[in-house]
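Visitor: Provided below are the primary sequence and the corresponding predicted coordinates.
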Amino acid sequence: MFKYKQVMIVRSDLKLSKGKLAVQVAHGAVTAAFRAYNEKPEWFKAWFNEGQKKVVVKVEGERELFELKTEAEKLGLPTSLIRDAGLTEIPLGTITCLAIGPGPDEIVDKITGNLKLV
């Protein structure tokens, strides 16, 4: 059973292609994992060693990402907000994804537990 997880939250309003969505989620996963490695090494190590559970959920728009980021940071969770480079489908600087964690399931769920899976 997993005790730690990382959650990537994507914007459904952008209507990203599957490939673009996958890349944004990957950016979020890597960036937030590095942040956790530096800020919460005990969480990172436990998450890494148990298999690196990841979940992808969605919200309607950018405002929700900022609200969730603020809530997560108040609980001490590592976060990473992803802005696109503007090379393909969407304009430069578009915020596409928020990654939260890795962190303890029960803390991450306080922020993301009610969000719908992609």
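Guide: Yep, it's here.

Visitor: give me the low-pLDDT residue ranges for the chain?
Guide: Confidence mapping of the chain against pLDDT under 70 gives zero matching residues.

Visitor: for the longest helix along the chain, packing partners?
Guide: Scanning the chain for the longest helix, with DSSP state H as the assignment, gives helix 18-39. Secondary structure elements in contact with helix 18-39, counted by 3 or more CB pairs under 8 Å, 6 or more residues apart in numbering; DSSP states H and E, are strand 4-11, helix 41-49, strand 79-83, strand 95-104. From N, CA and C alone the C-beta is placed, and that goes for glycine too.

Visitor: Show the secondary-structure elements that the second one is packed against.
Guide: Using 3+ CB pairs under 8 Å, 6+ apart, the elements in contact with helix 41-49 are strand 4-11, helix 18-39, strand 95-104.

Visitor: Let me know which of the ones you listed is the nearest to residue 88.
Guide: In this view, the helices and strands packed on helix 41-49 are compared for proximity to residue 88 by CB to CB, and helix 18-39 is the closest at 6.5 Å.

Visitor: ok, residue 91 - contacts?
Guide: Remark: with contacts taken as CB atoms under 8 Å, 6 or more residues apart in numbering, residue 91 is in contact with residue 84.

Visitor: Phi, psi for it please.
Guide: Main-chain dihedrals, residue 91, degrees, to the nearest 10: phi -70, psi 150.

Visitor: What distance do you get for it to residue 4?
Guide: If you measure residue 91 against residue 4 using CB to CB, to the nearest Å, the figure is 35 Å.

Visitor: Just grab the bridge partners of the residue nearest the centre of the chain for me.
Guide: In the chain, the residue lying closest to the centroid (CA atoms, centre = their mean) is residue 99, at 1.5 Å. Listed by DSSP bridges, the beta-bridge partners for residue 99 are residue 8, residue 80.
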